[in-house]
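Colleague: Sequence first, predicted model second:
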Amino acid sequence: MNHKKNHNLENLFLLFFLAIALFVPLIFGSNQYNILLVTTVLIYGVMATSWNIIGGLAGQLDLASFAYLGLGAFTSSTLFIRFNFTPWIGMILGGLVAVAFALLIGFPLFRFRIREVWYALTTCALVEILKVVFNMWEEVGGPVERFLPYFSGSLYHMRFGSYVPYYYLILGMLVIALLVNSRIARSKLGFYLKALGEDETAAEVLGVNTRACKLRALVYYAFLIGVTGAIYANIYGYVHPSFFNGQESIKIAILGIVGGRGITYGPLLAALLLVGTQEFLRASLGGEVSGLYLVIYSVILILVVLFKPSGIATLFQYRNKKPAKQEVEKKSVV
Amino acid sequence: MEIIIQSLFDGALMGCIYALIALGLSIIFGVMNVVNFAHGNFVMLSMYFSFWAGSLWGIDAVLTPLITFPLLFVIGMLVYYGIIDRTLKEHYTIQIAVTVGLMTFLGAITQLAWKAQPRALSYSFIQGNIQFGGYTIALSRLTSAIISLIVIISISFFLNKTWPGRTIRATSDDSDAASLVGVDFRKTYALAFGLGSSLTAISGGLLMTFQQVDPTMGLRFGLLSWCILALAGLGSIPGLLISGLIIGIGESLAMTFWDPRARSLVIYLIFILVLWLRPRGLFGRK
Amino acid sequence: MLSEQILKTSKLTKRFGNLIAVNQVDLEIKKEEIIGLIGPNGAGKTTFFNLITGLETPDEGQVIFKGTNITTLSPHVICKLGMSRTFQVAKSFTEMSVEDAIRVGAYNRRGEEEVQNKVDWALEFFELENIRDYKCSDLGLSSLRKVEVARAAATEPELLLLDEVGAGLTSTELLKLMSELKRLNQETKITLCVVEHVMQMVMGLCERIFVLDAGELIAKGIPSEISNNQRVIEAYLGRRSYSESSSTS
């Protein structure tokens, strides 16, 4: 019963959010700066929501989101720059490349009995590896930014004169990410993921192929991020090894945890609140205080983890009935 | 050929220092099963404290651990009681997440406090080089390596032969049994965490005799320690030392023969390879 | 048909360092039987269960399940083949509701359309309907035990292993559980293998009993034979010469 109530609440929030989100660009009119700002907030929303699949539903602390973002960006953009290849297909390929790398590290690390800490550490390492590799790989990456050819309005090239089309693209990605989340959570995969997050051994003996389940979650997540990466590159108009950013990857995980792991709209909520505030403050106060933001993010994470580990979205949820222990004993002995 | 041997020497010396860094983490993870993502940042923090002590009071870098060791011990215990202790009964990702937060926090405040440019102390009294059979060895590295080895051996002795040390080991094996015998396992955990953290102070001070510190080093030392732990497996201190040497030499060879930018790359690749092929490490228990 | 073997172990052995936890155990279970596996603490019963369910790999010996060699297969594959188990220390899905926990088991053989039917069957069979929405972490001991059994039974196994499900229950709860297990065996034809210390449960439920001591199989037979077996009695009460040999923990 509480499932249904929470589900309805969730849908309500999302519909409300979508209704507003659809009209936001119209509010800002031709203020490109603001449109970029809200697009940025939504990008974090997409990434955090996608992260929820591996970090919330599958319970793995993944710290490599920007690795997959960068891979998607570089794949799509390199094809674009060199072969005039359309990013609409480039982004799919970007997603696939991201998936390939994800499977490369997920396959050995999701073996039954390998402790989860090694996965978290490896994802950290992956971002750093890619950063160095792309810095050294002068044909594709290299120390200088690689700019995408400018077009003021080419659908084929996914390049536009205004940020507005990009905003809607990202919004579309967000909707997709939310739907994927929601569908998985209510499916067999979702139940299996929840079970293995609770107790991997018990799940295994009940028929759950824990490794396969985690890999499936990983594939969904990496693909979504990879595709977003391609769009990201088109928005900013360049690619650079700095895209492989470890701190930002951790920030995505922070959004996921603070928002509420496993709750479909939780990470989005955190993204809207935290990143929204950050971007707004940055616009008002200037960008030099970026170090301070990271301090605040980490403190918020620590506080939430200590005092409300299930995330802030659970503040708005109905809790399951909590019977007194004697009551339950009596009922069961009948 | 000469270059290879020179590189091997340099790598081996660094390896000893790296092994000491990893030892602190091994006590925390191997003994307490606590994942500390912020371990590398403790090293970095000790280096900054050494820098402070060195530049404010003119203390030689090699002597700074006299101040930073107790300081890090206290910080370690505070961190344990303050944030780690509470997360022990929660889901494992919660415990990892809180140390990720700590890592980010320490990285961010050191960046704010000392800014991004690297800091270094003026030369220590153990500067200079010595010649050994045609190869050059920096005295600071040699001394640091020797001191690291001494500390590693002492800690091994401490854990195996002294009462507090064996208490720590007993608690790691079975905290229920240990508490039955009168051991307050929370206090033991706090001491172990304090010890593991304060060992970084020694490494930090030694590193400051020949290196500089900047805010990105936290992650580097962190991943380095975990890599050594993965390679070594849990339960063997000699194994830890050997793994440290392997990593140090690997890094050195990569810098000499591949690309200086690839120094960490080799370490991370070894890390992934070990986890793929032999997850329990080369010298792991069981 | 009735005397067809469902599980057979030959010379099953597991060592942990110098300790031999399971020593050359030959055991066979026939279809639809209710088997008991008893022995003093530390005899190796749980390790034995771990070996046949794929959670541990034996150092020697084989496990044959329904004619297939499952010795090195993964636990989830073994479950798909038809073997399921509960755990001595309950491994409940603490944050999940009773219904959801059982659903995880039910997905083993059922797709989305039929899974709810299986869940409802399990809830009804084990009389858990009125607590279906309760979180597993909020349950009392006997309910928790029943959820463990229900969850495993929902996977529709042919062989169900129960590890000390009777421990800590009151006599009323115990009798209830025993009758449910008997019913389970009779109605669904699931073979049961029960590890137990509670003798009332073992003697009242099991058709045949195997006795382990220090990893070795020391006796097997029907309940009346076992309760009169000298070696079994000595194993539980202890022999004088036993103080010299190493004891398992």
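Modeller: All right, it came through fine.
Colleague: Could I get the buried residue list for whichever strand or helix holds B:N41?
Modeller: Taking DSSP states H and E as the definition, B:N41 sits inside helix B:39-57. Neighbour counts over helix B:39-57 (16 or more other C-beta atoms under 10 Å in any protein chain shown) mark B:39-54 as buried. C-betas here are computed from N, CA, C, even on glycine.
Colleague: Between those residues, which sits nearest A:A98?
Modeller: The closest of the buried residues of helix B:39-57 to A:A98 turns out to be B:G40 (C-beta to C-beta; 26.9 Å).
Colleague: Now do the same contact list for the closest one.
Modeller: Under the criterion of C-beta atoms under 8 Å, 6 or more residues apart in numbering or on different chains, the neighbours of B:G40 are B:I21, B:M103, B:M217, B:G218, B:L219, B:R220, B:F221, B:G222, B:L223, B:L224, B:S225.
Colleague: So which of the residues you listed is surrounded by the most neighbours?
Modeller: B:S225 (30 neighbours; other C-beta atoms under 10 Å in any protein chain shown).
Colleague: Would you check how far apart C:I38 and C:V195 are?
Modeller: 7 Å (C-beta to C-beta, to the nearest Å).
Colleague: Quickly list what's touching both of these two.
Modeller: Common neighbours of C:I38 and C:V195 (C-beta under 8 Å, 6+ apart) are C:K45.
Colleague: What's the per-residue pLDDT of C:E173 here?
Modeller: pLDDT, the model's per-residue confidence, is 89 for C:E173.
Colleague: And for B:G194?
Modeller: 93.
Colleague: cool, and B:Y80?
Modeller: 92.
Colleague: Might one say that it is in contact with B:Y189?
Modeller: Yes - using C-beta atoms under 8 Å, B:Y80 is in contact with B:Y189, at 6.4 Å.
Colleague: Now do the SS call for residue 144.
Modeller: Here I'm looking at chain A. Each residue gets one of three states, and A:V144 gets coil by DSSP: H, G, I helix; E, B strand; the rest coil.
Colleague: just the helices in the chain please.
Modeller: Since no chain was named, I'll use chain A. A:2-28, A:32-51, A:65-83, A:87-109, A:116-136, A:164-185, A:188-198, A:200-205, A:210-236, A:246-259, A:266-270, A:276-285, A:290-307, A:325-333 (DSSP state H).
Colleague: wait, chain C
Modeller: Using DSSP H, helices in chain C cover C:45-53, C:75-81, C:98-106, C:115-125, C:141-153, C:171-188, C:199-205, C:223-227, C:230-237.
Colleague: contacting residues for A:V304?
Modeller: A:V304 makes contacts with A:I257, A:V258, A:G311, A:I312, as judged by C-beta under 8 Å, 6+ apart.
Colleague: that older thread, widest-spaced pair of the contacts of B:G40?
Modeller: The most distant members of the contacts of B:G40, if one measures by C-beta to C-beta, are B:I21 and B:M103, lying 14.9 Å apart.
Colleague: how about stretch C:99-119, does it reach chain A?
Modeller: Yes - using C-beta under 8 Å from any C-beta of the partner chain, stretch C:99-119 reaches chain A at C:D100, C:A101, C:R103, C:V104, C:G105, C:Y107, C:N108, C:G111, C:E112, C:V115.
Colleague: Out of these, who's the most crowded?
Modeller: Going by other C-beta under 10 Å, C:G105 tops these with 33 neighbours.
Colleague: hang on, C:Y107 packs against A:Y192?
Modeller: Yes - between C:Y107 and A:Y192 there is a contact at 6.9 Å, judged by C-beta under 8 Å.
Colleague: roughly how far out does the helix holding B:N41 sit from the chain middle?
Modeller: 14 Å (C-alpha atoms, centre = their mean, to the nearest Å).
Colleague: Then stretch B:18-35?
Modeller: The answer for stretch B:18-35 is 8 Å, by C-alpha atoms, centre = their mean.
Colleague: For chain A, tell me whether that stretch is touching it.
Modeller: Yes - Stretch B:18-35 lies within reach of chain A by C-beta under 8 Å from any C-beta, at B:V35.
Colleague: Need the residue closest to the centroid of chain A.
Modeller: A:M47 (2.3 Å; C-alpha atoms, centre = their mean).
Colleague: Got the confidence number for the closest residue to that one other than its chain neighbours?
Modeller: In space, and not counting its chain neighbours, A:M47 is closest to A:I252: 5.0 Å by C-beta to C-beta, 6 or more residues apart in numbering or on different chains. A:I252 carries a pLDDT score of 96 in this model.
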